[in-house]
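> I need the structure of the sequence given here:
(one chain, ligands or ions: 1)
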Amino acid sequence: MKAVLQDKTYEELAALVAQAGEKPFRAKQLAEGLTQGKRISEIPVPAALRAALLEQFEDEPVRIERVFTAKDGTKKFLFALADGNLIEGVLMKYKYGNTQCVSTQVGCRMGCKFCASTLGGLVRNLSAGEILGQILAVNRAEGGVKDRRAVTNLVLMGSGEPFDNYDQVVRFLRNVTDSRGMGISARNISLSTCGLVPQMRAFAQEGIPLNLTVSLHAVTDRERARTMPVARAYSIREILDACAFYFEKTGRRYIFEYSLIAGENCDPAHAEALAELLRGRPCHVNLIRLNEVRERSLRATGEREAQAFLKALTARGISATLRRSMGSDIGGACGQLRASYVNGEEEPPMSQGSRKRTESCCGKRSRAPKGETANEESGEEEAQR
Ligand code: SF4
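Numbers count the residues shown, from 1 in each chain. All right, here's what the predicted structure looks like:
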């Protein structure tokens, strides 16, 4: 597979232009065209430069294969990569703008028991340009233009563990926040991790102050290890320390995702223990009724129990919200759309959870706490992925 042109920083594009003997303004032209989701053949640069670039680079790393639209306007995309691999993403529409959920890997090796993305393991990492390509493709398809983007907010909560693909994800974040490209503010970006502590600490020092979200889903290491194998590598205490370090370095509050799983993690004693763990910390908790994965036996808790859990947390002074589902009629947990295509099924899967209009997903997508991103302005909850 050729290298991906959208991997390049602005400076690297400028160097390519210079190498080809072209004037510097061609770099700006090239960057603007790529930011609009154009292929090289659609950008008015000299034929020699076009030919030189096409010889070395793939210029359409991500193509929209199928789109499924929910009644509430949420869209689920199946994307094809240049090597034929498939990934998926979601665009959620709010009053303040549109939030796209993007994938960072094909599959995932983290093995969380509530997640469909990991069922086939990790296939490969996405390059920075393949992550960016998902946004460029959707922005173009939705009619986004230079001064009015159709994609205004991002969540790195699709398939894959972003910090398991650290270098490419950081490169992507630098490119997507560059004002000479998409120029999306880091404050409008959320990244969700299952808790890879060394990478959390490294990321705190990258100077990219986005909304850091951690999938917690349990109050003890032993219970967490039942659904999240990563708990055997990093304890909750180490995760909390890494979050505190993130706050110290960036001044940004952090977010915990907590999927409510029937019989696992959501009785009153769990609420009390969670409040105890988080008391006094500059954080917010997003509660999610588990989005059931048909291949797994874990089940969502009921609405009444979920409300009681929320009340127990807030009564103890913990900032928390219970998300409602969007796009549930095109539901299915994260990774199931891709899985159904890989298995030769045609329609988007309807998980048991989505048929019953349960909450979203495997617990990686987040809504930032008040005052942190544009997401909070609507007061709406996040969508299925
Ligand atoms: S929840 Fe995230 S980290 Fe866990 S298996 Fe799914 S994609 Fe991977």
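> C-alpha from now on. contacts and neighbour counts both.
OK.
> For stretch 135-154, list every residue counted as buried.
135-140, 144, 149-154 (16 or more other Cα atoms under 10 Å).
> gap between the two ends of it?
Separation of the first and last residues of stretch 135-154 by Cα to Cα, to the nearest Å is 9 Å.
> Please enumerate residues in contact with it?
34-37, 62-64, 97-102, 184, 188-190, 374-375 (Cα atoms under 8 Å, 6 or more residues apart in numbering).
> Please see if stretch 72-90 touches the ligand.
No. Stretch 72-90 is not in contact with the ligand by Cα under 6 Å from any ligand atom; minimum separation 11.7 Å.
> And Q100, how far from the ligand?
16 Å (Cα to the nearest ligand atom, to the nearest Å).
> Could you list which residues are in contact with that residue?
Contacts of Q100 by Cα under 8 Å, 6+ apart are G89, V90, L91, M92, I135, V151, T152, N153, L154, V155.
> And the furthest pair within these?
For the contacts of Q100, the maximum inter-member distance is 14.9 Å, found between G89 and T152 (Cα to Cα).
> ok so, going back, among the contacts of Q100, which ones are in helices?
I135 (DSSP state H).
> What's the local residue count around S259?
Residues lying near S259 (other Cα atoms under 10 Å) number 30.
> cool, L260 as well?
28.
> where's it, which helix or strand?
L260 belongs to strand 254-260 when assigned by DSSP states H and E.
> for G84, same thing?
Here G84 is assigned to no helix or strand, by DSSP H and E.
> In terms of pLDDT, where does it sit?
Turning to G84, the model gives it a pLDDT of 95.
> Direction included, what does the strand holding L260 pair against?
strand 211-215 (parallel), strand 283-289 (parallel) (DSSP bridges).
> CA-only coordinates of the shortest one in CSV, if you can.
Output for strand 211-215, consisting of C-alpha atoms alone and laid out as CSV, is shown next (Å, rounded to 0.1, in the frame of the first residue of the first chain):
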residue,chain,number,x,y,z
ASN,A,211,-11.1,16.3,26.7
LEU,A,212,-9.6,13.1,28.1
THR,A,213,-12.1,10.4,28.8
VAL,A,214,-11.4,7.1,30.5
SER,A,215,-13.6,4.0,30.4
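> wait, does that strand contact the ligand?
No. For a cut-off given as Cα under 6 Å from any ligand atom, strand 211-215 has no contacts with the ligand; the smallest distance is 7.6 Å.
> where's F256 relative to the ligand, distance?
On the measure of Cα to the nearest ligand atom, F256 and the ligand end up 13 Å apart.
> E60 too?
Per Cα to the nearest ligand atom, E60 is found 25 Å from the ligand.
> try L154
On the measure of Cα to the nearest ligand atom, L154 and the ligand end up 16 Å apart.
> per-residue confidence for the closest residue to R279 other than its chain neighbours?
Leaving aside its sequence neighbours, R279 sits nearest to I318 (Cα to Cα, 6 or more residues apart in numbering; 6.7 Å). The model reports I318 with a pLDDT of 98.
> quick one, what contacts I318?
Neighbouring residues of I318 by Cα under 8 Å, 6+ apart: A275, L278, R279, H284, V285.
> any idea of the mean pLDDT in the one helix or strand the first one maps to?
I take that to be A275. According to DSSP H and E, A275 maps onto helix 268-278. Helix 268-278 comes out with an average pLDDT of 97.
> Could I get the CA-only coordinates of that helix as CSV?
Provided in CSV are the C-alpha atoms of helix 268-278 (Å, rounded to 0.1, in the frame of the first residue of the first chain):
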residue,chain,number,x,y,z
PRO,A,268,-26.2,0.9,45.5
ALA,A,269,-22.8,-0.2,47.0
HIS,A,270,-21.1,0.3,43.6
ALA,A,271,-22.5,3.9,43.5
GLU,A,272,-21.2,4.6,47.0
ALA,A,273,-17.8,3.1,46.2
LEU,A,274,-17.6,5.1,42.9
ALA,A,275,-18.4,8.3,44.7
GLU,A,276,-15.8,7.5,47.3
LEU,A,277,-13.1,6.9,44.6
LEU,A,278,-13.9,10.2,42.8
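> if we can go back for a sec, between the strand holding L260 and helix 268-278, how big is the angle?
Strand 254-260 runs at 170 degrees relative to helix 268-278, counting by axes from the mean of the first three to the mean of the last three Cα atoms, to 10 degrees.
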